[in-house]
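Engineer: mind folding the following:
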Amino acid sequence: MSRDNYYIHPTAIVKTSNIKPKTRIWAFCNIQSDVIIGEDCNIGDHCSIENGVKIGDRVTIKNGISLWNGVTIEDDVFIGPNAVFTNDIYPRSKTYHKELDYTIIKKGATIGANAVIIAGNIIGAYAFIGAGAVVTKDIPDFTLWYGNPAVMKGYVCFCTTQIIFDKSNNVVCECGKSFSIKDNSVIPK
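Structural biologist: Numbering: from 1, shown residues only. Modelled structure (predicted):
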């Protein structure tokens, strides 16, 4: 892929050539060679992305983010500034585990500024993690979480508006999208 199809700031160190068109990588980033970056992504200043990371299309990664081997970011994800991703549940200096603790951020999820995502968890599709939250477990689709540790505080629409289900377990968001809920799982209609 030619650099004519994407932008890399002159101060960025980018060793991967697996970058799709319309992606922008800003100042002082360090991106290793075995990284996959999708189309139309925006990677802010001072980001570090380690070998093995996969980033989908239309992903926004704000300033000061480090992504470690074992992290997969699906399409349309937003990661706020200085969010933290861990990569080892039992870290020790110079101790290397044979198995990675995989973290997956599903399509459309939002991770707020300064949130901490503990390795080995899955953030569900269109879930919303509030600023400063500490995620210690898997997060279901279309749910809102914040606090330390993060606690579920409700449900959210594709558009990020908080939605509240009626007694029949249905809701229509102000954006026009309809949902139902069954066994605590949100189902778009």
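Engineer: doesn't K22 lie inside a strand?
Structural biologist: No: note on K22: no strand contains this position according to DSSP: H, G, I helix; E, B strand; the rest coil, which reports coil.
Engineer: that one: what's it in contact with?
Structural biologist: Applying Cβ atoms under 8 Å, 6 or more residues apart in numbering, we find K22 in contact with N5, Y6, E39, D40. In this view, the C-beta of every residue, glycine as well, is placed from N, C-alpha and C.
Engineer: what's the spacing between the closest residue to the first one other than its chain neighbours and D57?
Structural biologist: Just to be clear, that refers to N5. Distance criterion Cβ to Cβ, 6 or more residues apart in numbering; nearest residue to N5, sequence neighbours excluded, is P21 at 3.9 Å. Look at P21 and D57: by Cβ to Cβ, to the nearest Å, they are 10 Å apart.
Engineer: before we move on, back to that, look up how far C41 lies from the residue nearest to N5.
Structural biologist: Here the distance between P21 and C41 works out to 10 Å (Cβ to Cβ).
Engineer: name the residue in these two with the higher neighbour count.
Structural biologist: Counting neighbours by other Cβ atoms under 10 Å for P21 and for C41 shows that C41 has the greater number, 23 against 12.
Engineer: kindly provide the distance from G56 to Y126.
Structural biologist: Taking Cβ to Cβ as the measure, G56 falls 14 Å from Y126.
Engineer: burial count for the residue nearest to G154 when sequence neighbours are not counted?
Structural biologist: Setting aside the residues directly before and after it, G154 is nearest to L144 in space (Cβ to Cβ, 6+ apart), at 4.6 Å. Residues near L144, counting by other Cβ under 10 Å, number 21.
Engineer: surely L144 is in contact with V156?
Structural biologist: Yes: the criterion here is Cβ atoms under 8 Å, and L144 meets it with V156 at 5.0 Å.
Engineer: list the residues that contact both of those two?
Structural biologist: The contact lists of L144 and V156 share A127, F128, Q162, where a contact means Cβ under 8 Å, 6+ apart.
Engineer: among those residues, which lie within strands?
Structural biologist: Secondary structure from DSSP state E places F128, Q162 of the shared contacts of L144 and V156 in strands.
Engineer: which among the shared contacts of L144 and V156 count as buried?
Structural biologist: With neighbours counted using 16 or more other Cβ atoms under 10 Å, the shared contacts of L144 and V156 contain these buried positions: A127, F128.
Engineer: save the shared contacts of L144 and V156 as JSON lines, and put in distance to W68 too.
Structural biologist: Converted to JSON lines, the shared contacts of L144 and V156 look like this (distance: Cβ to Cβ, whole Å):
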{"residue": "A127", "distance to W68": "20"}
{"residue": "F128", "distance to W68": "23"}
{"residue": "Q162", "distance to W68": "31"}
